[in-house]
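Novice: curious how this folds, go ahead:
(one chain, ligands or ions: 1)
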Amino acid sequence: MTQAPLCPISTAFTQLLGCDFPIIGAPMFLVSNAELVSAVSSAGGVGATPSLNWRTTAEFRDQIQKIKRMTNRPFGVNLIVNQANPRINQDLEVCVEERVPLVITSLGNPKETIKRMHSVGCKVFCDVTNLAYAKKVEDLGADGVIAVCVGAGGHAGPISPLVLIPYLKKHLKIPVVAAGGIATGEQVAAALALGASAVQIGTRFIATQESSVDMAYKNAILNAEPEDIVMTKKISGTPVAVIKTPYIEKQGLELNPIEAFLFKHPQTKKYMKMIRAYVGAKALEKAVAGPTWKEVWSAGQGVGLIDQIMPAADVVAELVQEYYATCERLPR
Ligand SMILES: Cc1cc2nc3c(=O)[nH]c(=O)nc-3n(C[C@H](O)[C@H](O)[C@H](O)COP(=O)(O)O)c2cc1C
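Specialist: From the prediction side, this is the model:
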């Protein structure tokens, strides 16, 4: 797609990060790679990846350095900051040393991450699904929150973006980023109209040329309807949004009673989470790598709005063009 340069969209988020467009290419386990991250960043958004996409901290550092060679624009890393992540300290150290411009935290307490990243002048945004946790991270010094709403891929929140974005905006001083089900520029305009300073988009970027998943997964994104997205506890113990494939249907969505008991029990809870996360990650790994009957494909309700596999830079450009077209045609 060749086109005239698009006019930047200026928000609190783009000013903080120094990017052209308020669009984060969401960190996605096993999906985001250096190519996808750098393509989104070079196109004017902020590409992001989970540190756990690489088996060791050394490999993670290599990939961060690769991203820095591929783009000179801001990019992000997702750190899972709870106890279940045994690599949190080492991976945080890499983010500090490599001056990762944006760290996105999920789960757990982001206090140490905020302190360390701020010491080198980098920004920290925290995934939140409700006001109580959002206020907590604001008090800890977070630069912004990512409102993970109903309809998101991965661990979706329970609240509608129509409510959660203005609700957080009303009670917080820091920028709010909207996430969940966003796949078009019309929705970017809607999120910004609700008070968001940016959007975080995952599922739409699975269907790109750069994403590192098998074609069967990309085609499943194109073919799925919003009604095909179900929440399963079978992957990590907490609900994850996946496409309802025959395998997911066969497996069921709930933990069996013994697992559910062990997940709740104070003495076994931590180990159950670790075991489930390991087994779930193995199943996801197999399903992204190639054809298997165990089709475990995480995606959000935005699947209904995605019908083409495109280069990531074209997705960013299309989102921005649609955003401007939407702003133009809104009734006055
Ligand atoms: C396949 C997939 C993997 C994901 N992995 C992670 C992850 O490792 N860490 C994280 O914080 N969020 C993860 N997410 C959530 C995204 O970062 C983002 O919040 C979400 O995709 C937004 O919703 P959308 O997919 O409807 O655009 C994942 C989402 C998907 C679809």
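Novice: surely I235 touches K282?
Specialist: No - counting by Cβ atoms under 8 Å, no contact exists between I235 and K282, whose distance comes to 10.2 Å. For the C-beta atoms, the positions are set from N, CA and C on the backbone; glycine is no exception.
Novice: those two - which one has more neighbours?
Specialist: Remark: of I235 and K282, I235 carries more neighbours, 23 against 12, as counted by other Cβ atoms under 10 Å.
Novice: quick one: residues contacting that one.
Specialist: 242, 276, 280, 283-284, 296, 298 (Cβ atoms under 8 Å, 6 or more residues apart in numbering).
Novice: one more pass at 7 Å, please.
Specialist: I235 is in contact with 280, 283-284, 296, counting by Cβ atoms under 7 Å, 6 or more residues apart in numbering.
Novice: surely A241 is within a helix?
Specialist: No - A241 sits outside any helix when classified using DSSP: H, G, I helix; E, B strand; the rest coil, being strand.
Novice: burial count for it?
Specialist: Neighbour tally, A241, other Cβ under 10 Å: 26.
Novice: one more: the one 4 residues further on?
Specialist: Residues contacting T245 under the criterion other Cβ under 10 Å number 19.
Novice: can you pull out the strands in this protein?
Specialist: 23-25, 46-50, 76-80, 102-106, 123-128, 144-148, 176-179, 198-201, 229-232, 240-243 (DSSP state E).
Novice: what is the third one packed up against?
Specialist: Helices and strands touching strand 76-80, by 3 or more Cβ pairs under 7 Å, 6 or more residues apart in numbering; DSSP states H and E, are strand 46-50, helix 88-97, strand 102-106.
Novice: and these as CSV, adding mean neighbour count, distance to the ligand and mean pLDDT?
Specialist: As requested, the helices and strands packed on strand 76-80 are exported to CSV (neighbours: other Cβ atoms under 10 Å; distance: least, Cβ to the nearest ligand atom, whole Å; pLDDT from 0 to 100):
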stretch, mean neighbour count, distance to the ligand, mean pLDDT
strand 46-50, 28, 4, 98
helix 88-97, 18, 12, 97
strand 102-106, 26, 4, 97
